[in-house]
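S.K.: kindly generate the corresponding structure for this input.
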Amino acid sequence: MGADAGFDMVPRLSNSVADRRVWDQFIDSVKEFYKGDLNVEIKPNYIEFNVGEHPRLPFEGHKLLRFSSKITGSHSTRVGEYLDTVTRIARTYFESRVKRWNELYDVWGHYDWNEVHDSMLCYRLHRSVEPPLPILVTSASKCFH
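M.R.: Below is the predicted model:
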């Protein structure tokens, strides 16, 4: 058990040219900031932070609802530093859309966990470079592209 923290993107980004352009600039800034950091991996479709619960930033911004991880307990090693830095970089690009939250201080995310988990399921369906296996989950029909 532990407490979660992170940020929610409110409202979520669209797949418009303008939102994609700003998201790409944000992703480039994150890549540049963490260049050479062995805890940050650039995957084909996302950036993975190999701390905590391995928070990820998809390369398609409209797929992100929440960037978060446990900040206490066995998964918390250095994760707070990464969450804080990525949040600070995100606010540079998205300002008030970045809603920071931290359960330790009774500040809760904008989205409920079911919505976040559905979004992450959709993201998992699309993040692989190989075609996904069929999944019989009703929430998968809510996925957006």
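
S.K.: list the contacts of Glu32.
M.R.: Contact partners of Glu32, counting by C-beta atoms under 8 Å, 6 or more residues apart in numbering, are absent. C-beta coordinates here come from the backbone N, C-alpha and C atoms, glycine included.

S.K.: residue nearest the middle of the protein, spatially speaking?
M.R.: Phe67 (3.3 Å; C-alpha atoms, centre = their mean).

S.K.: note down every partner strand of the helix or strand hosting it and its orientation.
M.R.: Assigned by DSSP states H and E, Phe67 falls within strand 66-70. Neighbouring strands of strand 66-70 in its sheet, by DSSP bridges, are strand 4-9 (antiparallel).

S.K.: neighbouring contacts of the strand it pairs with?
M.R.: Under C-beta under 8 Å, 6+ apart, the answer for strand 4-9 is 55, 61, 64-71, 80, 83, 87, 90, 94, 97-104, 109-111.

S.K.: looking at these, which are in helices?
M.R.: Counting by DSSP state H, the contacts of strand 4-9 place Gly80, Leu83, Thr87, Ala90, Phe94 in helices.

S.K.: now that we have those, which one has the most neighbours?
M.R.: Leu83 (24 neighbours; other C-beta atoms under 10 Å).

S.K.: per-residue confidence for that one?
M.R.: On the pLDDT scale, Leu83 is placed at 96.

S.K.: and the pLDDT at Ser128?
M.R.: Reported pLDDT for Ser128: 47.

S.K.: can you give me the strands for this protein?
M.R.: Ranges of strands in the chain, per DSSP state E, are 4-9, 40-42, 46-49, 56-58, 66-70, 98-102.

S.K.: which of those is buried the deepest?
M.R.: Compared across the strands of the chain, strand 4-9 shows the largest average neighbour count, a mean of 23 (mean count of other C-beta atoms under 10 Å).
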